[in-house]
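K.L.:
turn this into a structure:
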Amino acid sequence: MITAGQAPTPNMPRMTGPQVLLIEDDGKLALDVAEDLGVRDFVVTVVGTGPEGLERATSGNFDVLVVDRMLPGLDGLALIEQLRRQGSRTPVLVLSALSAVDDRISGLKAGGDDYLTKPFALAELAARLEALLRRPIEARESVLHVGPIVMDLIDGTVLRGNRLIELLPREFRLLEYLLRRPDCILTRDMLLEDVWHYRFIPQTNLVDVHIGKLRRKVDAPGEAPLIHSIRGAGFMLRISN
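P.N.:
Numbering: from 1, shown residues only. Take a look at the predicted model:
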């Protein structure tokens, strides 16, 4: 189904099928995409400018967005960045005629979840949207912002305020695990299973050693400590006061 007017809102009856907002200024391409997705049981709303796309994305109840990179009125990447700053976690697929690696990286770092270069096969676009919709919400984020910590999952950087924290790969994965579960007690067994992927729990101080190294990097002298040991239970990334 294709709509070009009112976007779905939380108070409106929801039509069947995933709700797609297509923000594309090429009218013929937009029509072709919308018709193809409609046949595949997507419900597509089409807009042609950046400002209108931002308004629709903000006010509507969409399952996935398809955003052209070059849009009149507001660049597609700037649109995505604004949505992410507003807290939107709706998955976004970026369409672009720019195919260089740096261009794809820019699209992902802006908050996009996938990047498709024009020209493309309509069937591939549909398959990519279906894949995005199958991903758990937490896996759709490219940047984690928890308390004073900002972790960029694409370029592998971690900031605490303006301070860059240099981490080894295992420390990065361990911190990511903690950031996704702030203010929760995490046992040693949980960390060994989910970060180290052990199928059995060995008698080891591996977790304690890595937590100690991570704490010294994350909690610099003079900074409020974030990583805490919980006696008899495990560890916690404490954000709340």
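K.L.:
ranges for the helices of this protein?
P.N.:
In the chain, the segments counted as helices under DSSP state H are 27-39, 50-59, 76-85, 101-109, 122-134, 169-179, 188-194, 206-218.
K.L.:
give me the phi and psi angles of Pro225.
P.N.:
Recorded main-chain torsions at Pro225 are phi -70, psi 140, according to degrees, to the nearest 10.
K.L.:
doesn't Asp219 make contact with it?
P.N.:
Yes. Counting by CB atoms under 8 Å, Asp219 is a contact partner of Pro225 at 4.6 Å. No exception for glycine: its C-beta is placed from N, CA and C like everyone else's.
K.L.:
of the two, which one has the most company?
P.N.:
Asp219 (15 against 10; other CB atoms under 10 Å).
K.L.:
quick one: the more buried one and Ala57, what's the gap?
P.N.:
Asp219 sits 38 Å away from Ala57 when distances are taken as CB to CB, to the nearest Å.
K.L.:
check Leu79 too.
P.N.:
Using CB to CB, Leu79 is found at 8 Å from Ala57.
K.L.:
list residues touching both of those two?
P.N.:
Residues touching both Leu79 and Ala57 by CB atoms under 8 Å, 6 or more residues apart in numbering: Ile23.
K.L.:
domain ranges for the chain?
P.N.:
The chain breaks down by automatic domain parsing into domains covering 2-140, 143-237.
K.L.:
with mean pLDDT added, can I get the ones you listed in JSON lines?
P.N.:
Formatted as JSON lines, those follow (pLDDT from 0 to 100):
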{"stretch": "domain 2-140", "mean pLDDT": "84"}
{"stretch": "domain 143-237", "mean pLDDT": "90"}
